[in-house]
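> Here's my sequence, what's the structure:
(chains A, B, C and D)
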Number of protein chains: 2
Amino acid sequence: MKRVTIRNVAELAKVDFSTVSRILNSSFENHKYAEATIKRVKEAADKLGYYPSAPARAIRTGKTMLLGLIVADIGNPFFSVIASHLDNIIRDSKYRLVISSTNENPLRQEEHIDSMLSHRVDGLIVAPCGDNGFEKAYKTGVPLVTIDRPLPESGLPFVGLDNIAAGRLLAEKLNNYGYKSIGVVIPDEENDLTIQSRLKGLRSGLKGIDISIQWIVKVPHTSIKRNKVKIVLAEKFKTINNFPDAMVGMTNVCTIGILEALGDLEYNLNISPGLAGIDDFTGAHIVRPSVSVVSQPLEKIAFESFSLLKEIMNSDTNTVKNSNIRIPPLWIERMSLPPRK
Amino acid sequence: MKRVTIRNVAELAKVDFSTVSRILNSSFENHKYAEATIKRVKEAADKLGYYPSAPARAIRTGKTMLLGLIVADIGNPFFSVIASHLDNIIRDSKYRLVISSTNENPLRQEEHIDSMLSHRVDGLIVAPCGDNGFEKAYKTGVPLVTIDRPLPESGLPFVGLDNIAAGRLLAEKLNNYGYKSIGVVIPDEENDLTIQSRLKGLRSGLKGIDISIQWIVKVPHTSIKRNKVKIVLAEKFKTINNFPDAMVGMTNVCTIGILEALGDLEYNLNISPGLAGIDDFTGAHIVRPSVSVVSQPLEKIAFESFSLLKEIMNSDTNTVKNSNIRIPPLWIERMSLPPRK
DNA sequence: CTGAAAGCGCTTACAG
DNA sequence: CTGAAAGCGCTTACAG
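Purely as a prediction, here's the structure:
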């Protein structure tokens, strides 16, 4: 697969290959070419089907026009929607996205960071699972921003949901709509900062308000065994005499679990508790009742992370102070948490 | 951001830079290096945080280790799940994915193909929207396979669902479960080969069987205005005296529309028609009733498209004969199409 | 056991 | 108005 090069074009157009380079890049600083030459070169390039080689250019200019995106799973709508927004946002700036999934495996994360470094991406956005690989990345000086999950120890620039505000927003809705008692479902991962913050926000929002947390149950949180959540909750529900006014899930996996467990109990808003959660999920609007949620503004997260990355790319250092950007959550009103009479 | 090069490593290890290259690549054909040298080089590389430059290597070897994936929208679960499987499949072969979305815009598709060509991807997988850009791509000789939607005129290698078999599978289930009359919902895009094939399969499956198609309705099919589908169907339902035994959607957008329209009618399987569709969708299993569907084996599609691409990459020509690979559909039994008594 | 040299496809001072 | 030359960071015959 012999590719057409700048020399082939030069030959056909009968000019020096540096002329081709300048004409095709419109870099005419001290060079004014004759219209005829320009035309000849462009036609030759067209005729041969010439595409400038990005790798060759990269080696000279130091810019690959590639941006790396490392996430847990590009098949997960949360990440793929962010990727999609990023794709739209960077389109005009001629950047392209190299995307890899870690499957929540820190070793894979390190491999992928290494690989991105080898490919000389101009910038790197990663939703971390652990801190593997970041030190090496930092050492090279690649502009780098983390998203979704902060790595507070690292001091790395971060863009993600304001989880405390998310918890508080949930409390506010519960209060406004007249709910008096709630059950809370959380993942059983102990040290999860995200969950801690959301709970903290919820509790602080509830403070001084006449709403009681009747119980908190922890559920297994592997996306592989989603069924587990429902089973654990169904067990729990058997032991409950009277249900709280509402149940809330601190992640979408939790919320879906509640929905499924209630579904088996012939879920009906007239007799069953209200339901809401943090994090939207696909299907939330087609499910009955459709589920009201505190959601992450994914487009805003994508936008802010690219903005921050650009800022770092344009600065001479690879850190930017005060770059812990927290995006305010959004309430999506659907049917599962109606105002109470 | 001065990057560490092979020369820096060579300097520190006090060897020629060609020695560094060979040691780090383990290319010891006619070169046996002293253990001590090897160790010195590796340590130097480590100490400096050296990453071989993929672009520089690409310029010599002609391989970027980059694979291009162009889809309509990476935020759409259908494509993102394929991307995710591809990511897993290629991981070990050291390839990485450059991903771009066309948003169903043929001009964008062409831009993205051009861009992939510039980046010198070693192979290209695209879910086409029109044939823009393919001729140029073909001319360069990049190994190329199309997925999801065939471009029959082009003769390009293709991997995708066997749509006729999908329609037939639906008919088979309807028959096995004792349904006698159905209503069919299809997108209003006239020349869509995919839909035509599915309908053809459905009809051929129904032939000689005691099932009648009571009506076929066309609905607008823009993913932006999903609501439209429901509205059109709700209108239709008003004009129907007695419902068919079952309704089937020829795409997931159609099926979701049916579900929503029926939902407003207090959908209840005891009194309402059965429901099934072609193409799975996120939420199909949490919805009540959960929706039985004919689905596309996405992992298989990903696997086959990479296999085919590899085959083309390893051959000297960029076409492979008989490369119209049709993947058999899969029935996912859920609750919306129970056997009738 | 190791090195010196050519060259991949470009960009960009420098020169005329 | 245009070209000749150096060099980006590598790999790989060729030579010793």
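> how about the strand or helix carrying residue A:68 against chain B, any contact?
Following DSSP states H and E, one finds residue A:68 within strand A:66-71. Yes - Strand A:66-71 is in contact with chain B by Cβ under 8 Å from any Cβ of the partner chain, via residue A:66. Where you see a C-beta, it was placed from the backbone N, CA and C, and this is true even at glycine.
> Let's see that strand as CSV, backbone CA atoms only.
This file holds the C-alpha atoms of strand A:66-71, laid out as CSV (Å, rounded to 0.1, in the frame of the first residue of the first chain):
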residue,chain,number,x,y,z
LEU,A,66,-5.0,13.6,18.6
LEU,A,67,-6.7,13.7,21.9
GLY,A,68,-6.8,10.7,24.2
LEU,A,69,-9.9,9.7,26.1
ILE,A,70,-9.7,6.9,28.6
VAL,A,71,-12.8,5.8,30.4
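> average pLDDT for it?
Averaged across strand A:66-71, the pLDDT comes to 98.
> Let me know the angle separating it from strand B:66-71.
With axes from the mean of the first three to the mean of the last three Cα atoms, to 10 degrees defining the directions, strand A:66-71 sits at 70 degrees from strand B:66-71.
> Can you list the strands that strand A:66-71 pairs with?
Strand A:66-71 sits in its sheet next to strand A:96-101 (parallel), strand A:123-126 (parallel), going by DSSP bridges.
> what packs against the lowest-mean-pLDDT helix or strand in chain A?
When each helix and strand of chain A is scored by mean pLDDT, DSSP states H and E, helix A:226-238 comes last, with a mean of 85. Where contact means 3 or more Cβ pairs under 8 Å, 6 or more residues apart in numbering or on different chains; DSSP states H and E, helix A:226-238 is packed against strand A:212-219, helix A:252-263.
> Of all the ones you listed, which one is nearest chain B?
helix A:252-263 (5.9 Å; Cβ to the nearest Cβ).
> what's in contact with that closest one?
By Cβ atoms under 8 Å, 6 or more residues apart in numbering or on different chains, the residues outside helix A:252-263 that reach it are A:185-187, A:219, A:221, A:223, A:226, A:229-230, A:232-234, A:237, A:247-249, A:267, A:272-273, A:275-281, A:284, A:287, A:291, A:293, B:286, B:288.
> what's the answer for stretch A:295-305, then?
Residues from elsewhere that reach stretch A:295-305 (Cβ under 8 Å, 6+ apart): A:78, A:81-82, A:85-86, A:89, A:125, A:145, A:147-148, A:159-161, A:279-280, A:325, A:327-332.
> Could you pull out the buried residues of that stretch?
Along stretch A:295-305, these residues count as buried under the neighbour rule (16 or more other Cβ atoms under 10 Å in any protein chain shown): A:295, A:296, A:298, A:300, A:301, A:302, A:303, A:304, A:305.
> And the strand or helix carrying residue A:22, what does it pack against?
Per DSSP H and E, residue A:22 falls inside helix A:17-25. On a contact count with 3+ Cβ pairs under 8 Å, 6+ apart, helix A:17-25 meets helix A:6-13, helix A:35-48.
> could you check the angle helix A:35-48 makes with that helix?
With the same axes, to 10 degrees as the basis, helix A:17-25 and helix A:35-48 are set at 80 degrees to each other.
> The residue nearest to residue A:145 when sequence neighbours are not counted and residue A:324: what is the separation?
Counting by Cβ to Cβ, 6 or more residues apart in numbering or on different chains, residue A:145 lies nearest to residue A:157, which is 4.5 Å off, once chain neighbours are set aside. For residue A:157, the distance to residue A:324 equals 8 Å [Cβ to Cβ, to the nearest Å].
> Check residue A:294 too.
20 Å.
> Which one's more surrounded, those two?
Higher neighbour count among residue A:294 and residue A:324: residue A:294, with 28 against 14, using other Cβ atoms under 10 Å in any protein chain shown.
> Validate this expectation: that one resides in a strand.
Yes - counting by DSSP: H, G, I helix; E, B strand; the rest coil, residue A:294 is part of a strand.
> Show the model's pLDDT score for it.
Residue A:294 is given a pLDDT of 98.
> likewise residue A:298?
Looking at residue A:298, its pLDDT is 97.
> neighbours around the one residue in the stretch 101-250 of chain A that gets nearest to DNA strand C, how many?
Per Cβ to the nearest atom of the strand, residue A:120 is where the stretch 101-250 of chain A lies closest to DNA strand C, at 13.0 Å. Other residues within reach of residue A:120, judged by other Cβ under 10 Å, total 22.
> how big is the angle separating the biggest helix by length in chain A from strand A:66-71?
In chain A, taking DSSP state H as the definition, the longest helix is helix A:298-314. On the basis of the same axes, to 10 degrees, helix A:298-314 is oriented at 130 degrees to strand A:66-71.
> Keeping just the C-alphas, turn helix A:298-314 into PDB.
What follows is helix A:298-314, C-alpha atoms only, in PDB (Å, rounded to 0.1, in the frame of the first residue of the first chain):
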ATOM      1  CA  LEU A 298     -22.900  15.600  30.400                       C
ATOM      2  CA  GLU A 299     -22.500  18.100  27.700                       C
ATOM      3  CA  LYS A 300     -21.400  20.700  30.100                       C
ATOM      4  CA  ILE A 301     -18.900  18.200  31.600                       C
ATOM      5  CA  ALA A 302     -17.500  17.500  28.100                       C
ATOM      6  CA  PHE A 303     -17.400  21.200  27.300                       C
ATOM      7  CA  GLU A 304     -15.600  22.200  30.500                       C
ATOM      8  CA  SER A 305     -13.100  19.400  30.300                       C
ATOM      9  CA  PHE A 306     -12.100  20.400  26.800                       C
ATOM     10  CA  SER A 307     -11.900  24.100  27.800                       C
ATOM     11  CA  LEU A 308      -9.700  23.200  30.700                       C
ATOM     12  CA  LEU A 309      -7.600  21.000  28.600                       C
ATOM     13  CA  LYS A 310      -7.200  23.700  26.000                       C
ATOM     14  CA  GLU A 311      -6.200  26.100  28.600                       C
ATOM     15  CA  ILE A 312      -3.500  23.800  29.800                       C
ATOM     16  CA  MET A 313      -2.400  23.000  26.300                       C
ATOM     17  CA  ASN A 314      -2.000  26.700  25.600                       C
END
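> roughly how far out does that helix sit from the chain middle?
How far helix A:298-314 lies from its chain's middle: 11 Å, per Cα atoms, centre = their mean, to the nearest Å.
> How about stretch A:93-107?
With Cα atoms, centre = their mean, you get 11 Å for stretch A:93-107.
> same thing with stretch A:267-278?
Put simply, stretch A:267-278 sits 29 Å off its chain's centre (Cα atoms, centre = their mean).
> Mind listing residues that contact that stretch?
For stretch A:267-278, contacts defined as Cβ under 8 Å, 6+ apart pick out A:166-167, A:170, A:173-174, A:177, A:179, A:183, A:198, A:243-252, A:254-255, A:258-259, A:262, A:265, A:289, A:291-294, A:329, A:335-338, A:340, B:288.
> Equivalent analysis for stretch A:160-175, please.
With contact meaning Cβ under 8 Å, 6+ apart, stretch A:160-175 is reached by A:147-150, A:182, A:194, A:197-206, A:209, A:211, A:246, A:248, A:276, A:278, A:292, A:294, A:296, A:301, A:325-329, A:331, A:337.
> Looking at it now, give me its mean pLDDT.
98.
> same deal with stretch A:138-145?
On average, the pLDDT along stretch A:138-145 is 94.
> about what we covered before: inside strands: which ones of the contacts of stretch A:295-305?
Among the contacts of stretch A:295-305, the residues falling in strands (DSSP state E) are A:125, A:145, A:147, A:159, A:160, A:161, A:325, A:327, A:330, A:331, A:332.
> how about those residues in a markdown table, adding neighbour count and distance to residue B:47?
Below are the ones in strands among the contacts of stretch A:295-305 laid out as a markdown table (neighbours: other Cβ atoms under 10 Å in any protein chain shown; distance: Cβ to Cβ, whole Å):
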| residue | neighbour count | distance to residue B:47 |
| --- | --- | --- |
| A:125 | 28 | 28 |
| A:145 | 24 | 27 |
| A:147 | 27 | 31 |
| A:159 | 25 | 33 |
| A:160 | 20 | 34 |
| A:161 | 27 | 39 |
| A:325 | 18 | 34 |
| A:327 | 20 | 39 |
| A:330 | 16 | 48 |
| A:331 | 15 | 52 |
| A:332 | 15 | 51 |
